[in-house]
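# Okay, predicted coordinates and the sequence, questions at the end:
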Amino acid sequence: IKTMLKTTGMASVVVPDNVLFEGGAGEIVRKKLLETTDLHTILRLPTGIFYAQGVKANVIFFDNKPANKTAWTKEVWVYDYRTNIHHTLKKNPLKLEDLKDFDHIKFTLEKIGEFSKQNDIRLTMHPGPFNCLTSSDPKIIKNCVKDLSIHGKIFDLMGVERSPYNLINIHIGGAYKDREKSIMTWVENFHLLPDSVKSRITIENDDRENLYSTKMIYDNIYKNLNIPIVFDSLHHKCGPKDLSYEESFLLAYETWPSGIVTLMHHSNSRKQWEDSTTKTFTSHSDYYYEPFENFGFDVYVDLECKM
């Protein structure tokens with residue numbers, strides 16, 4: 001981190017106790033920081049805040065400095081937020097409404113929602129791949145539910161409808177060497193989600209052979225929960241080959257409720273069209289070289305160019 005800073009840069013870094021007090025590599029790093037930066041503050045934290053329960057952590061604050069013959073750190077201010085402190089983060093977690101400027105945030109989101117309706121703009125969300133409802137780790141599931149709930153909350157604050165028209169699109173997640181078991185775990189954990197997410201959620205097919213095809217999602221997710229499928233053209237080329245492109249397209253199209261135009265994803269491979277040295281075929285190209293085949297059906301197409 002120190003090497004990434006400008007000469008006048010500042011940083012705060014979370015480190016466990018052993019980095020501050022043990023010998024070996026920790027001692028070498030510690031001495032180097034004291035010599036080449038002004039390490040002016042150490043904040044000693046209660047256990048379990050940044051690391052596992054029982055692991056003691058600290059935040060060190062330092063200002064980078066230019067090369068000098070003598071050590072830059074002259075004195076260190078230590079703030080002890082550990083001794084005789086009884087602290088828990090789980091009792092009263094921070095909510096969106098607790099933010100100081102929440103009223104302004106709410107007003108802005110409402111205006112965005114109004115603008116989208118007045119101008120016929122379809123707003124959608126695609127949360128990150130770390131949202132994995134197939135996990136057996138309760139902590140991962142809890143964080144996934146929390147993250148997706150925030151997306152649902154933002155859409156609610158915008159005032160957009162609770163339907164797949166304003167969708168929250170995710171992947172199923174890992175297979176953990178047992179695809180059938182994992183996908184059933186997803187179905188079970190789906191019920192942990194709030195209605196603001198359940199009413200908008202969609203699933204897309206994956207781009208890896210060992211993950212989930214459109215047919216797998218149809219047979220296990222759609223048939224159990226009636227969740228619409230977002231068909232991804234590039235992912236179909238890279239994922240499990242259990243149906244043809246047309247068969248997969250039509251299967252996904254069938255899952256969408258009446259009155260809501262289907263949404264699908266399209267992209268081309270960077271490795272195929274732009275840079276043969278690209279490591280994976282799944283990397284998206286900057287531009288489009290092949291059109292999306294919709295077989296004459298009326299669909300929204302989300303063009304995923306990654307320039």
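In hand now; what should we look at?

# W72 and T36, how far apart?
7 Å (C-beta to C-beta, to the nearest Å). Bear in mind the C-beta positions are built from the backbone N, C-alpha and C, glycine included.

# again with L157
Noted for L157: a distance of 46 Å to T36, by C-beta to C-beta.

# Over to T108?
43 Å.

# Mind checking which of the two has more residues around it?
More neighbours surround T36 than the other of T108 and T36, with 19 against 13 (other C-beta atoms under 10 Å).

# what sits against that one?
Neighbouring residues of T36 by C-beta atoms under 8 Å, 6 or more residues apart in numbering: K2, N64, K65, A67, N68, W72.

# Same question for H236.
Applying C-beta under 8 Å, 6+ apart, we find H236 in contact with N205, S213, T214, Y245, S248.

# wait, doesn't the first one sit right on G239?
Yes. Under the criterion of C-beta atoms under 8 Å, N205 makes contact with G239 at 5.7 Å.

# So the two - more neighbours on which side?
The neighbour comparison of N205 against G239 (other C-beta under 10 Å) goes to N205, with 30 against 22.

# ok, V76 touching H40?
Yes. Counting by C-beta under 8 Å, V76 touches H40, with 6.4 Å between them.

# Name the residues contacting each of N205 and G239.
Shared contacts of N205 and G239, defined by C-beta under 8 Å, 6+ apart, are found at Y212, S213.

# could I get the contacts of H236 as TSV with secondary structure and distance to Y81?
TSV is the format used below for the contacts of H236 (DSSP: H, G, I helix; E, B strand; the rest coil; distance: C-beta to C-beta, whole Å):
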residue	secondary structure	distance to Y81
N205	coil	48
S213	coil	51
T214	helix	51
Y245	helix	58
S248	helix	55
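
# Put the buried members of those residues into a ChimeraX selection.
In ChimeraX, a selection of the buried entries from these looks like this (16 or more other C-beta atoms under 10 Å):
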select :205,213,214,248
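
# How far away from the center of its chain is the longest helix along the chain?
Assignment by DSSP state H gives helix 138-158 as the longest helix of the chain. Helix 138-158 has its C-alpha centroid displaced from the chain centroid by 11 Å (C-alpha atoms, centre = their mean, to the nearest Å).

# Which secondary structure elements does it sit against?
Packed against helix 138-158, as judged by 3 or more C-beta pairs under 8 Å, 6 or more residues apart in numbering; DSSP states H and E, are the following elements: helix 102-118, strand 168-170, helix 179-190, helix 195-198.

# Alpha carbons of that helix, as PDB, please.
Extracted as PDB, the C-alpha positions of helix 138-158 are listed here (Å, rounded to 0.1, in the frame of the first residue of the first chain):
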ATOM      1  CA  PRO A 138     -24.800 -18.900   6.600                       C
ATOM      2  CA  LYS A 139     -22.600 -15.700   6.600                       C
ATOM      3  CA  ILE A 140     -22.500 -15.600   2.800                       C
ATOM      4  CA  ILE A 141     -26.200 -16.200   2.600                       C
ATOM      5  CA  LYS A 142     -26.800 -13.400   5.200                       C
ATOM      6  CA  ASN A 143     -24.600 -11.000   3.300                       C
ATOM      7  CA  CYS A 144     -26.300 -12.000   0.000                       C
ATOM      8  CA  VAL A 145     -29.800 -11.300   1.400                       C
ATOM      9  CA  LYS A 146     -28.500  -8.000   2.800                       C
ATOM     10  CA  ASP A 147     -27.000  -6.900  -0.500                       C
ATOM     11  CA  LEU A 148     -30.000  -7.900  -2.600                       C
ATOM     12  CA  SER A 149     -32.400  -6.200  -0.100                       C
ATOM     13  CA  ILE A 150     -30.500  -2.900  -0.600                       C
ATOM     14  CA  HIS A 151     -31.200  -3.200  -4.400                       C
ATOM     15  CA  GLY A 152     -34.900  -3.800  -3.700                       C
ATOM     16  CA  LYS A 153     -35.000  -0.900  -1.300                       C
ATOM     17  CA  ILE A 154     -33.500   1.500  -3.900                       C
ATOM     18  CA  PHE A 155     -36.100   0.400  -6.500                       C
ATOM     19  CA  ASP A 156     -38.800   0.900  -3.900                       C
ATOM     20  CA  LEU A 157     -37.600   4.400  -3.100                       C
ATOM     21  CA  MET A 158     -37.700   5.100  -6.900                       C
END
